[in-house]
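Engineer: test case, fold it:
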Amino acid sequence: MTGGNGFLGRAIVAELKRRGHAVCSASRRPSAELAALGVRTLTCDLRNREHVERAMVGQDAVVHAAALTGIHGTRADFVRTNVEGTRFVLEACRASGVKRLVYTSSPSVVFDGRDHRQADESLPYPRRYLAAYPATKATAEREVLAANGPHLATLALRPHLVLGPGDPNLMPRLVARARAGKLAIVGDGKNEISFTWLDNAAAAHADALERLEPGAKVAGRAFFVAQKESVLLWRWLAELFTRAGIPPPTKRVSRALAYAAGAVAELVWALARQRGEPPMTRFLALQLATSHSYDVGALERELGYVERVTTAEATERLIALLRAG
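Structural biologist: Here you go, the predicted structure:
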């Protein structure tokens, strides 16, 4: 698999090993942790066609989880990794006779800035995107699904807001902002969101890999991955932070003001060629203000998915992690 050394990737590798699969991980950096699990590791930069071709030799199936993530950055960088890198993976799979490809996508590929509550896979791709990440992930997802055929079966999973031990980005950033007094409730504070506990996301990938084969009913399709029970984002964060001894957000910012601030910040960062991500973007403003929760009925019916960790259990585990720092 690609991206086996990442936050979600390591969990997928561990789940596949637990189920008895032989796993090879292709990542930008070597991993002693994966090697200790008996995983064969390869150095692979998705932007390098030869690296990708070498990684696919001898593989029966591939989980393509590597990607460039973030809410801001140079579009060309996202295209090179997420679009061109995925094309290299598809070409190498065909050349090496790989029969199954599970692609790790994102619900952001169908995010149009409007409220989506318990949405299913009938959501269309939007006409435009406010960030390079969802735009390039959407292009890659479309190409992966279009590549499905009698010799290479493909499928896309869309895990939403993956949380769990070792999270390097999402929750640490929210906690840092809350402690600094810089986290504000955006919008009316009543938006409903789905998240995905790490163990559940990993299990969904293993389920998909085991159900996928050329000609299968699930081939050529995308599936949302999320907790069965959604949460009210700001009420849930307030509970998490209060119980963990972290100051919960109390300040409020309107959706329109956050969106305008995001547009200004994006312009300033671009003109000044600032490194890193701005404190707000238009995409982030809408993500914080709108509902985006997803129905996992298709995942359960078609891929045999069973939720391992409920939302209540995940919340308690997350609180314990926050208390432990």
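Engineer: my guess is residue 132 contacts residue 69. True?
Structural biologist: No - counting by C-beta atoms under 8 Å, residue 132 does not reach residue 69; the two are 10.5 Å apart. Yep, even glycine has a C-beta here, placed from its N, CA and C like the rest.
Engineer: who has more neighbours, those two?
Structural biologist: residue 132 (21 against 14; other C-beta atoms under 10 Å).
Engineer: any idea how far that one lies from residue 158?
Structural biologist: 18 Å (C-beta to C-beta, to the nearest Å).
Engineer: what does residue 263 give?
Structural biologist: Going from residue 263 to residue 158 by C-beta to C-beta gives 27 Å.
Engineer: kindly report the same for residue 3.
Structural biologist: On the measure of C-beta to C-beta, residue 3 and residue 158 end up 16 Å apart.
Engineer: equivalent analysis for residue 116, please.
Structural biologist: 12 Å.
Engineer: identify the residues contacting residue 91.
Structural biologist: 49, 53 (C-beta atoms under 8 Å, 6 or more residues apart in numbering).
Engineer: and the pLDDT at residue 270?
Structural biologist: The score at residue 270 is 89. That number is its pLDDT.
Engineer: for the closest residue in space to residue 254 that isn't next to it in sequence, give me phi and psi.
Structural biologist: In this structure, residue 254 finds its nearest non-sequential neighbour in residue 187, 7.1 Å apart by C-beta to C-beta, 6 or more residues apart in numbering. When quoted as degrees, to the nearest 10, the phi and psi of residue 187 stand at phi 90, psi -150.
Engineer: again with residue 116
Structural biologist: phi -120, psi 110.
Engineer: how many neighbours does the nearest residue to it once chain neighbours are set aside have?
Structural biologist: Nearest non-adjacent residue to residue 116, counting by C-beta to C-beta, 6+ apart: residue 292, 5.1 Å away. A count of neighbours around residue 292, defined by other C-beta under 10 Å, yields 25.
Engineer: is it true that residue 292 touches residue 118?
Structural biologist: No - when contacts are counted by C-beta under 8 Å, residue 292 is not listed as touching residue 118 (10.3 Å).
Engineer: then residue 224 would be within a strand, right?
Structural biologist: Yes - counting by DSSP: H, G, I helix; E, B strand; the rest coil, residue 224 is found in a strand.
Engineer: wait, isn't it in contact with residue 161?
Structural biologist: No - here residue 224 does not reach residue 161: they are 11.7 Å apart, not a contact under C-beta under 8 Å.
Engineer: need the overlap of contacts for the two.
Structural biologist: Joint contacts of residue 224 and residue 161 (C-beta under 8 Å, 6+ apart) are residue 194.
Engineer: between the two, which is the more surrounded one?
Structural biologist: When neighbours are counted by other C-beta under 10 Å, residue 224 comes out ahead of the other of residue 224 and residue 161, with 26 against 19.
Engineer: tell me the contacts of that one?
Structural biologist: Per C-beta under 8 Å, 6+ apart, neighbours of residue 224: 107, 119, 120, 121, 158, 160, 194, 294, 295, 296, 298, 299.
Engineer: list of residues touching stretch 230-250?
Structural biologist: 117-118, 174-175, 178-179, 181, 183-185, 189-195, 288, 293, 311, 315, 318-319, 322-323.
Engineer: kindly report the same for stretch 198-211.
Structural biologist: 7-8, 11-12, 14-16, 19, 21, 61, 63, 65, 100, 102, 104, 155, 157, 159, 162-167, 218, 223, 225, 227, 299, 302-309.
Engineer: also stretch 68-75?
Structural biologist: 77-78, 81-82, 131-133, 135-136, 169, 266, 269, 277-278, 281, 283-284.
Engineer: those residues, buried ones only, as a PyMOL selection?
Structural biologist: Entered in PyMOL, the line below selects the buried ones among these, by 16 or more other C-beta atoms under 10 Å:
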select buried, resi 78+81+82+131+132+133+135+136+266+269+277+278+281+283+284
